[in-house]
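S.K.: Below is the structure, and that's it, no one-letter string:
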């Protein structure tokens, strides 16, 4: 009796192994891209992962929620910056030309004894080998014929043509205004630099690559060979997503390819799933990320919004930025007519 039971043990083990094999299935296929010239490019060294569909769904929803929160926070920063830019533009400093303030004009005047500034273009020849090559302060002595004035520069005197002289008060006013304009330009540069940093962070949240980072652990993974082929062993009858990303250099640019394809294979069966142009897109096709065409449209809107703020426009910038990042969300914010992008163009690719 003991020997009979001992004999049955190997049979049980065999049946157990066979049952396990029957519960598993194989996913095979090729990763390739068909070029515009109809050439098949096999993609080697691509990591193809099989991740359970329920895990992917939960991951994408969580990732999408974090993206929404991040974009809202960054959009609020954008609104603050655009409002500041609009205010700077409204409070523009008009800098008059020096010519409008030269002596004997309605805008500028100076009396004998007033301090003035002689402004050479290149140089002013004062005679006796004396020349002015930079703005020089002096005291107005008297008016001469033919539009010349006599000025005391301290160590020497000289005759300067009227359109090269401006009163010291007018000179200082224009100088202060120029300083204000330069400070304003620097502030605008700082704001535009901040825009670039913030918009890059927003763009990352709506790009495909954002959803391919920190994904759930795969049940199985396989790296393609030089022929682009892969093979995965997974649990039969369970939905999986085949997840992969690849890149290829085309001239000076690098093309990026993303796949997220849902499939199921029965236990003991082999199923072929090729990853190619036909099923590219991944999260884009599921409404999480923006495709390249829509993202290009969104960039144009962001650039246009900066231009409008420079013109002094005030809009609901925060809602606008969020709306463009997530066109499907029901924020109810229209795309302003002043922006050079039709609303249907933004929404057509979703």
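M.R.: Right, received. Where do you want to start? Fair warning: this is a prediction, and the values are worked out from it, not measured in the lab.
S.K.: In which helix or strand does the residue nearest to the spatial centre of the chain reside?
M.R.: Among the residues of the chain, the one closest to the centroid is residue 200, at 3.6 Å (CA atoms, centre = their mean). Using DSSP states H and E, residue 200 sits in helix 168-206.
S.K.: Just the buried positions in the next helix or strand after that helix, please.
M.R.: The helix or strand immediately downstream of helix 168-206 is strand 220-223, counting by DSSP H and E. Using 16 or more other CB atoms under 10 Å as the test for burial, strand 220-223 gives 220, 222. (Each C-beta comes from the backbone N, C-alpha and C, glycine too.)
S.K.: if we look at the helix or strand just after strand 220-223, which residues are touching it?
M.R.: With elements assigned by DSSP H and E, the helix or strand that comes after strand 220-223 is strand 229-235. Strand 229-235 is contacted from outside by 23-31, 46, 48, 50, 219-224, 240, 242, 265, 267, using CB atoms under 8 Å, 6 or more residues apart in numbering.
S.K.: before we move on, what about stretch 127-136?
M.R.: Applying CB under 8 Å, 6+ apart, the external contacts of stretch 127-136 come out as 117-120, 122-126, 153, 156, 158-160, 171.
S.K.: Narrow the residues you listed to those in strands?
M.R.: Using DSSP state E, the members of the contacts of stretch 127-136 that fall within strands are 117-118, 124-126, 158-160.
S.K.: now these as CSV including pLDDT, neighbour count and distance to residue 180?
M.R.: Shown next, in CSV, are those (pLDDT from 0 to 100; neighbours: other CB atoms under 10 Å; distance: CB to CB, whole Å):
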residue, pLDDT, neighbour count, distance to residue 180
117, 94, 21, 19
118, 92, 21, 24
124, 88, 21, 28
125, 87, 13, 34
126, 85, 18, 33
158, 90, 22, 32
159, 91, 16, 34
160, 91, 26, 28
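S.K.: ok, back up a step: what's the average pLDDT for the helix holding residue 200?
M.R.: Average pLDDT, helix 168-206: 87.
S.K.: which secondary structure elements does it contact?
M.R.: helix 53-90, strand 115-118, helix 292-310, helix 317-325 (3 or more CB pairs under 8 Å, 6 or more residues apart in numbering; DSSP states H and E).
S.K.: Can you give me the buried ones in that helix?
M.R.: Buried, per 16+ other CB under 10 Å, within helix 168-206: 168, 170-171, 174, 188, 191, 195, 198-199, 202-203, 205-206.
S.K.: Which one of the residues you listed is nearest to residue 293?
M.R.: residue 206 (13.1 Å; CB to CB).
S.K.: quick one: that closest one and residue 324 touch, right?
M.R.: No: with contact defined as CB atoms under 8 Å, residue 206 does not count as touching residue 324 (9.0 Å).
S.K.: and for the two, which residues touch both?
M.R.: residue 298.
S.K.: Show me the shaky parts of the stretch 1-150 of the chain.
M.R.: 1-22, 92-93 (pLDDT under 70).
S.K.: buried sites along stretch 212-227?
M.R.: So stretch 212-227, judged by 16+ other CB under 10 Å, has buried residues 212, 215, 218-220, 222, 224.
S.K.: er, stretch 298-315 actually
M.R.: In stretch 298-315, counting by 16+ other CB under 10 Å, buried: 298, 300-302, 304-306, 308-310, 313, 315.
S.K.: Quick check: mean pLDDT of it?
M.R.: 82.
S.K.: can I get the buried residues of helix 168-206 in a markdown table with distance to residue 42?
M.R.: Putting the buried residues of helix 168-206 into a markdown table (distance: CB to CB, whole Å) gives the following:
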| residue | distance to residue 42 |
| --- | --- |
| 168 | 78 |
| 170 | 75 |
| 171 | 73 |
| 174 | 69 |
| 188 | 50 |
| 191 | 48 |
| 195 | 42 |
| 198 | 40 |
| 199 | 37 |
| 202 | 36 |
| 203 | 31 |
| 205 | 33 |
| 206 | 31 |
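S.K.: Now residue 47. Nearest residue, chain neighbours left out?
M.R.: residue 223 (5.4 Å; CB to CB, 6 or more residues apart in numbering).
S.K.: List the residues that contact the one you found.
M.R.: 45-48, 230.
S.K.: Now do it against residue 264, distance only.
M.R.: Counting by CB to CB, to the nearest Å, the separation of residue 223 from residue 264 is 23 Å.
S.K.: Can you say which of the contacts of strand 229-235 are buried?
M.R.: 24-27, 29-31, 46, 48, 50, 219-220, 222, 224, 240, 242, 265, 267.
S.K.: Any stretches of the stretch 251-350 of the chain with poor pLDDT?
M.R.: Ranges of the stretch 251-350 of the chain meeting pLDDT under 70: 284-285, 328-350.
S.K.: give me that answer again for 80
M.R.: 251, 281-287, 312-315, 327-350 (pLDDT under 80).
S.K.: Which segments of this protein make up each domain?
M.R.: What automatic domain parsing lists as the domains of the chain is 24-97+183-350, 98-174.
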